[in-house]
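Novice: pasting the structure only:
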């Protein structure tokens, strides 16, 4: 594991607020689009249907699904670690979808069942390449598909969880994803230990070590991330003690199974830059409040 190194952090905290502006994009023509651009399917699922929807212009900014759409859509499949006709096959094989007075047409993926064989997760891309008539391509024109290896020893706990916690008195709900480590089957990577982290995909991942009985996940702290506050001032994951104070001692943040498919902890967590010693609202979670529920 070379995605981290530890740093000792002093106590103290300055609370700040962060805001973000998101520019809206509007389509000026009718368009076709996926509704999900990141799809995970178990290797023993058999089939996966990926719908493509037609949205018909109805006013300046109104684009309801075109229930009576008549068009054709072309698509292509791009191999990744998953290979076409080895790990999966595709229907229609000619890459042509026909909408016959409907609002949707589906690309069918037949997943090869490799149950019992440790293959690791594999992925590929499905991409919409064209549409007939007055239809253009929407923003969600590419979908990444991951075939999940169910033979990984941590397979039962990997995946997406609904998370909840309190940040300085304010309740938050967000989503966390547990992913396997590439080299150590006892380690998981988590993408969003605080609600703030969801805005920085991949930059605030932290690792944890899973016990053999899957009852606990221990996250070493302090633990540095790749998100920088300044050129030489990264955000560091560590224990939050509440009352705007942090711990400077090396420890483990332990998530414990609730025996219902979820995990909880009574410890607080925080991401904070070492030199600036400031945290944004949502960058920390109060002690005794964080809970994960498996989706």
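Specialist: That came through fine. Bear in mind that the values here come from a model prediction, so they are computed numbers and not experimental data.
Novice: Point to the residue nearest the middle of the protein.
Specialist: Centroid-nearest residue in the chain, with CA atoms, centre = their mean: residue 177, separated by 5.4 Å.
Novice: isn't that one right next to residue 161, touching?
Specialist: Yes. If you go by CB atoms under 8 Å, residue 177 and residue 161 touch, sitting 7.5 Å apart. The way it works is simple: take the backbone N, C-alpha and C, and place the C-beta from them, glycine included.
Novice: Could I get the pLDDT score of residue 25?
Specialist: For residue 25, the pLDDT comes out at 51.
Novice: same thing with residue 133?
Specialist: According to the prediction, residue 133 has pLDDT 89.
Novice: contacting residues around it?
Specialist: 70, 71 (CB atoms under 8 Å, 6 or more residues apart in numbering).
Novice: Likewise for the one 3 residues further on?
Specialist: Contact partners of residue 136, counting by CB under 8 Å, 6+ apart, are 27, 29, 30, 31, 32.
Novice: thinking again about what came up before, can you confirm the residue nearest to the centre of the chain is in a helix?
Specialist: No. Looking at residue 177 with DSSP: H, G, I helix; E, B strand; the rest coil, it is strand, so not inside a helix.
Novice: for stretch 242-257, which positions count as buried?
Specialist: For stretch 242-257, the neighbour count (16 or more other CB atoms under 10 Å) marks 246, 247, 253, 254, 255, 257 as buried.
Novice: I'd like the average pLDDT over that stretch.
Specialist: Mean pLDDT, computed over stretch 242-257, is 94.
Novice: Give me the distance between residue 82 and residue 193.
Specialist: The span separating residue 82 from residue 193 equals 29 Å under the rule CB to CB, to the nearest Å.
Novice: So for the two, which sits in the more crowded spot?
Specialist: More crowded of residue 82 and residue 193, by other CB atoms under 10 Å: residue 193, with 30 against 22.
Novice: what's near enough to touch that one?
Specialist: Here residue 193 is in contact with 176, 204, 206, 219, 237, 253, 269, 271, 285 (CB under 8 Å, 6+ apart).
Novice: and it, that's in a helix?
Specialist: No. Looking at residue 193 with three-state DSSP, it is coil, so not inside a helix.
Novice: start to end distance for stretch 65-76?
Specialist: Terminal residues of stretch 65-76 lie 23 Å apart, using CA to CA, to the nearest Å.
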